[in-house]
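Undergrad: Need a 3D model of the sequence below.
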Amino acid sequence: MPGSARGILAEKLNQLDVAASDWKKRVGPKDAVEFSVAGRMGVETGTPSPFMSPAREKRTPKPARFKSKKERNNRTSSKESDGGNSSTPESPSKEAAVTIKLPPLARSISAPESQPVIKVPSMTDHLDQFFTSTAETITMESEEIETLPDAEQHTLLVSHRRTVQVQKRRNATRNPLKTLAARTDIVQEYQEVRTGAAEREMKRLNVEKLAKNSNLAVEALAGLASKEDFTAVSLKKPSGDPVGTLLPFRDLMLLQVKGRRHVQTRLVEPVASKVNQGDSYVLVTPNAVYNWLGKFSNVIERTRSAEIALQISQRKDLGCLKAAGNVFTIDEAKSLGSASHKKAFWKLLGVHEGCGEALKAGHPDEDEEYENVISETNKIWMVEDDELIPVEKYWGSVPKIEVLAPNKVLVFDFGSEVYIWNGKNATGDVRRFAAEFVQDELWQTVDYSDCDISPIGDTAVKVRPEWAILGKLSQHMETALFREKFLDWPEFSRVIRVKRKGETEVDGSIEVLPCDANKMAAQEWTEPDFELEGSHIGRGEHYFDHETRRHFEIATTAVEVWHIEEFEYHEIPDASMGQFHEGDSYVVRWNYSITVSGRELSGAPSKHGTVGRDRCAYFFWQGSQSSLSEQGAAALLTVELDKEQGPQVRVVQGSELAVFRGLFNGHMAIHRGHRGQQQETSPKWRLFVTVTGAVDKESCLLEVSPSVRQLRSRSSLILLDTKSGKAFVWHGNQSHKHTKAAALRAARQMHLHPEFHLSKEAEIEEINEGDKQIEFFRGLGGNNTNLYDSLAPSNEPCDLKMFHFSSASGAFTVQQMLSATRTKEPAEAFPFVQRDLYELSQPALVLVDAGYVLWLWQGWWPREDGSGGDDSTGSGAIRWQAERRAAMQTAVNYWTATRGPDARLSANLVWAGLESVEFVSLFPDWQNKDDATESNMQDGRKPGETLSVEDELARLTQSTYPPAQLLQRPLPDGVDPTKLEEYLSSEHFEELLGMTKEEFTELPTWKQTSVKKQVGLF
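TA: Numbering: from 1, shown residues only. The predicted model follows:
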């Protein structure tokens, strides 16, 4: 029984062992292995490479010194003089004649080509041939000269020292002149050397005299007085070879990014045969940067190659000046990259048809092996005393940044890349020697026979290839390829700094300050002006230039108008002059002349003026409903008609210039629809609003839909009954007398234009606001006066002002919006139109001063896909709320500055697309904008809603909130979501976070964030 028990127990143990080993067969490979490079390649890692073995001996190039030829020649000559049989040379004998050859005199490069030759006069020549001028003449009696005393022989007028053989002393002859003439050591002529020292000294003295009476520096005066002759200077042309100019890049470079721990970036030959599937590559050209990712490249290689390519493109490094920050990524594994970019990549590498095919990847462990052996080929020298001394600390290893001393010149040899690095404090002599020596000696040959690998290919190659680079680098101006060679090169973009003790944290909150309301209120009124061909036109009649004290009189000679259709155009007859349609485009040619005169002493314009030439200008007017094709045709026709080469001006409906409206002498009108359309089917009732009336010749009528909503108390309107031929002129309670007169005048002259369909005998009836004229309101479709804003009667309607708030320049600023047809007195009825608000960059903020009330118009966030713009949330929304708060505070300050501190504030808020009737009545016509309405209604706002600026400002500036409101979403308007803890009171802060505000402030930033996340305030 015991034996059988033991057998059963052994069997059970055997089953457990089998089960313990069988489960491994049923479980798939680990994710770490499956998604590794080896797993994707399906290759076993196998035994480690001998290059990675710790017992492997490091194989590096022999650290040899390089000496200049000059030093080698000096040392060779010294050795020959020390080891030869020759002794110290003796002095020459007195009898021997020694000839010493002197080098020719070096002249300045700016000196003349030849020097004058001076002839020494002989005894038989007259003295006046040498001395051309004498102060006085001395007459001497001739005496018989018997003998001359012996004297020392002097070498006169020689250009250099000569050794003359001394002759024995002889007895004096009866004629010593013959003896002197017989001497051969005295030359009869010499070449004069003019150094110009005296002239330069005189010039210096003159410059010093001038400097006493001049505010220029002595050096500047000397440069101005210089008269150097540079005709003999021949400038040396720079070589087009990159080696000659020592540029650290070439036009086409292929960078191989390979490795796993410290990724190596090396320059390889830019051919398709050097590309394999196991690495990443960066191809650099002057116009583009390509980032090629191999199918089996590891994640470190991919990340590093992407960073290198982006740095090169953004910093315009390695001669890549036109990439404009773009990197074309080609991923072999994911088929990422357009076909054109792939084709361009392989074409640059020599594959002219289609796309090339990369070589197969090596073993997965090859990356680490490559790091070990390629770094052993690095060679670094330090330049000292005309000699290259190896830096043994970093010889055959990855260099560190500490080797780059500011006062040194270093030479780095990475095989395919040779760099001459110049410290910022290195002397010029050392820099020049290093550049010349490296080009003449080090660059010519290479030797990697002692290494396991060669960075230029085969270890047996002794000559550098043509695609290698030799470049000079200055400190702080290194290229990305050079920086990649260092183990610890600082990259501040990826460094996470630790907050030091006592260091203040940068406040990232958005603070927008209100604008200066006093400056807004003190802005002076300016006369509208328009400039053509350098001349001021003003309103089209006259203009006075205060700077030049000149008066300009503008006279119109002719006006022609063309109606533009999509494929044709035709000239408008005189009867239709000034009649425009909102669905069409027109071209207007204006012929005019300018008379310029001065001012008399009394201030009146002078009677004597100068009449200028005949001028011409073209305006192409575009209706608000005209098609893009018609607008383009109008612009092209303007160019075609402009035979005079005059200026061309674009005019948009509602923003016409004063000079443009004045061309039609008060007959301008803008009709609805297209020209010719109303002649076929003219409606029974037509309503026109008098847009302007301050200046008679600038009056304009705008046709609107016949409805009670279009009535405006600020102006006068004309209702036409085209069937019965009757006109009703309706005057609002605040319509100015000039506006009333303009409307009545326009109604009386409507029969002159066929577009109105009104006869000369038509009846005209005037109606004032408040009159119950049944037929008038029948034409408007009802008499519900609540559909428009009826103002109280006033004889002096206020002027309308608009201010636009913007932060496009970075700072929150305000600018007054000016009407092109503004007048100082009387006030203009409608100086602005709806287009002035909706064409601003949204979301916009506009303050409208209507005299009795202020309106702050708020725009909308444009929604392209119906879900909101990119900036409608996050930092954009925070800044928008800050700008709203600043604009409201500015509106309050503006009211106080213009009305006084005791005036009761009357300021309201309106949203785009949801404007109230009171706000809409400030404009001549109003059309609903669906995109603005939909955007603001999605944010919870209601149509026609009017909010008080005072109440909304108090809500946005609330300093504390209960914790329940801060923990719910969405947050209250005006709350900064990055600083929710600041809106808690002291009691709620300690209750919710478990510490006081002072204790919370002392915590590091990461700890503060962690605490806020725990309680939901992040």
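Undergrad: buried residues in stretch 632-647?
TA: 633-635, 637-638, 641-642, 646 (16 or more other CB atoms under 10 Å). Glycine gets a C-beta too; all of them are placed from N, C-alpha and C.
Undergrad: just stretch 411-431 next, same as before
TA: Neighbour-count burial for stretch 411-431, counted by 16+ other CB under 10 Å, picks out 411-423, 426, 430-431.
Undergrad: From the chain's centroid, how far away is that stretch?
TA: 33 Å (CA atoms, centre = their mean, to the nearest Å).
Undergrad: Now intersect the buried residues of stretch 632-647 with the helices, please.
TA: Using DSSP state H, the subset of these located in helices is 633-635, 637-638, 641.
Undergrad: Give me the sheet partners of the longest strand anywhere in the chain and which way each runs.
TA: Assignment by DSSP state E gives strand 605-622 as the longest strand of the chain. Here strand 605-622 has these sheet partners by DSSP bridges: strand 585-599 (antiparallel), strand 648-652 (parallel).
Undergrad: What is the burial count for F664?
TA: The number of residues packed near F664 is 20, by other CB atoms under 10 Å.
Undergrad: Quote the end-to-end distance of stretch 398-408.
TA: One end of stretch 398-408 to the other measures 19 Å (CA to CA, to the nearest Å).
Undergrad: Buried residues in that stretch, which are they?
TA: For stretch 398-408, the neighbour count (16+ other CB under 10 Å) marks 398-399, 403-404, 408 as buried.
Undergrad: Could you do stretch 59-69 as well?
TA: Buried positions in stretch 59-69, judged by neighbour count with 16+ other CB under 10 Å: 60-61, 66-68.
Undergrad: ok, residues contacting that stretch?
TA: Contacts to stretch 59-69, defined as CB atoms under 8 Å, 6 or more residues apart in numbering, come from residues 373, 376-377, 379, 381, 386-390, 392, 395-396, 433, 437, 441-442, 447-448, 450-452.
Undergrad: Mind giving me the ChimeraX command for buried ones among those?
TA: In ChimeraX syntax, the buried subset of these is picked out as below (16+ other CB under 10 Å):
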select :373,376,377,379,381,386,388,390,395,396,433,437,442,448,451,452
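Undergrad: Just the contacts of stretch 59-69: which are in strands?
TA: Per DSSP E, strands hold the following members of these: 379, 381, 387-390.
Undergrad: among the residues you listed, which two are most distant?
TA: The two members of those with the most space between them (CB to CB) are K379 and E387, at 15.2 Å.
Undergrad: Please, which helix or strand holds W1006?
TA: Element membership of W1006 [criterion: DSSP states H and E] is helix 1005-1015.
Undergrad: Give me the mean pLDDT for that helix.
TA: Averaged over helix 1005-1015, pLDDT sits at 83.
Undergrad: just how off-centre is that helix within its chain?
TA: Centroid separation for helix 1005-1015 versus its chain: 39 Å, with CA atoms, centre = their mean.
Undergrad: okay, that helix in CSV with CA atoms only?
TA: The C-alpha trace of helix 1005-1015 is given here as CSV (Å, rounded to 0.1, in the frame of the first residue of the first chain):
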residue,chain,number,x,y,z
THR,A,1005,4.0,73.6,-9.0
TRP,A,1006,3.7,69.8,-9.6
LYS,A,1007,2.4,69.4,-6.1
GLN,A,1008,-0.2,72.2,-6.5
THR,A,1009,-1.5,70.5,-9.6
SER,A,1010,-1.7,67.1,-7.8
VAL,A,1011,-3.7,68.7,-5.0
LYS,A,1012,-6.1,70.4,-7.4
LYS,A,1013,-6.7,67.2,-9.3
GLN,A,1014,-7.6,65.3,-6.1
VAL,A,1015,-10.4,67.8,-5.3
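Undergrad: name the helices or strands packed onto it?
TA: helix 986-993 (3 or more CB pairs under 8 Å, 6 or more residues apart in numbering; DSSP states H and E).
Undergrad: Buried residues, the helix it packs on. List them.
TA: Judged by neighbour count (16+ other CB under 10 Å), helix 986-993 contains these buried residues: 988-989, 992-993.
Undergrad: Tell me where the stretch 801-950 of the chain has strands.
TA: Here the stretch 801-950 of the chain has its strands, by DSSP state E, counting those that start in this stretch, at 801-806, 813-817, 845-849, 854-858, 907-911, 947-948.
Undergrad: With distance to F619 added, can I get those in JSON lines?
TA: Output for those, formatted as JSON lines (distance: least, CB to CB, whole Å):
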{"stretch": "strand 801-806", "distance to F619": "25"}
{"stretch": "strand 813-817", "distance to F619": "22"}
{"stretch": "strand 845-849", "distance to F619": "28"}
{"stretch": "strand 854-858", "distance to F619": "30"}
{"stretch": "strand 907-911", "distance to F619": "34"}
{"stretch": "strand 947-948", "distance to F619": "42"}
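Undergrad: Now mean pLDDT, distance to D930 and mean neighbour count too, for those strands, in JSON lines please.
TA: JSON lines is the format used below for the strands of the stretch 801-950 of the chain (pLDDT from 0 to 100; distance: least, CB to CB, whole Å; neighbours: other CB atoms under 10 Å):
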{"stretch": "strand 801-806", "mean pLDDT": "90", "distance to D930": "24", "mean neighbour count": "20"}
{"stretch": "strand 813-817", "mean pLDDT": "89", "distance to D930": "25", "mean neighbour count": "15"}
{"stretch": "strand 845-849", "mean pLDDT": "92", "distance to D930": "20", "mean neighbour count": "23"}
{"stretch": "strand 854-858", "mean pLDDT": "91", "distance to D930": "18", "mean neighbour count": "22"}
{"stretch": "strand 907-911", "mean pLDDT": "91", "distance to D930": "14", "mean neighbour count": "22"}
{"stretch": "strand 947-948", "mean pLDDT": "86", "distance to D930": "22", "mean neighbour count": "14"}
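Undergrad: Fine by me, we can end here.
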